[in-house]
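S.K.: Predicted structure and sequence below. I'll ask about it afterward.
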Amino acid sequence: MASCAAYYKPLIRSYGYSETPLSETEVLVSYIGNPYAISVEIARIYTLYRCAEITLERGFDYFEIYSTPQDGFIETPEVWGIPTISRRIILHKGTTQRDKPRYYDARFYIEEHEFQIKRKPAKK
């Protein structure tokens, strides 16, 4: 089913990533997965990948996931079978605090997960 592929893309129609700026250094990032072609785990990876992209696009080095379940870690994988992941992030400059599990080095995350990102082939 080529039409059901779980491509990494902006939210268009029914699935993809989106972001809502909350302040200069805070963003809510979400990924709504194609229920026929994506697992919750891949939706998590796509969401964090977009968090890393936003971090670098805005001139920051790493991001922090908000620590409260209500604000930082929102998953609704059972809503009509559609994997939906949201992360409220804070953007930071400088050296990542790698010893803390909710901090992610944006460049490192992209390098480590690029192979898992499925992009739609360019039209010829």
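M.R.: The structure has been received and is ready for your questions. Predicted model only: the values in this text are computed from it and were never measured. Numbering: from 1, shown residues only.
S.K.: Mind giving me the packing neighbours of the strand ranked longest in the chain?
M.R.: Using DSSP state E to define each element, the chain has its longest strand at strand 84-92. Of the remaining helices and strands, those touching strand 84-92 by 3 or more CB pairs under 8 Å, 6 or more residues apart in numbering; DSSP states H and E are strand 26-32, helix 40-57, strand 62-65, helix 69-72, strand 74-75. To be clear about C-beta, it is placed using only N, CA and C from the backbone, and glycine gets the same treatment.
S.K.: Go again with 10 Å.
M.R.: Applying 3 or more CB pairs under 10 Å, 6 or more residues apart in numbering; DSSP states H and E, one finds that strand 84-92 makes contact with strand 16-21, strand 26-32, helix 40-57, strand 62-65, helix 69-72, strand 74-75, strand 103-105.
S.K.: Could you give the average pLDDT over the first one?
M.R.: Going back to what we said before, that points to strand 16-21. Average pLDDT, strand 16-21: 94.
S.K.: Using CSV, write out every CA atom in it.
M.R.: The C-alpha coordinates for strand 16-21 follow below in CSV (Å, rounded to 0.1, in the frame of the first residue of the first chain):
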residue,chain,number,x,y,z
GLY,A,16,2.4,14.5,9.9
TYR,A,17,4.1,16.8,12.3
SER,A,18,3.1,20.2,13.5
GLU,A,19,4.4,22.7,16.0
THR,A,20,3.0,25.6,18.0
PRO,A,21,5.4,28.2,19.3
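S.K.: ok, back up a step: quick check: angle from the longest strand of the chain to strand 26-32?
M.R.: Counting by axes from the mean of the first three to the mean of the last three CA atoms, to 10 degrees, strand 84-92 points 150 degrees away from the direction of strand 26-32.
S.K.: re earlier: weakest of the helices and strands packed on strand 84-92 in terms of mean pLDDT?
M.R.: Mean pLDDT per stretch puts helix 69-72 lowest among these, at a mean of 49.
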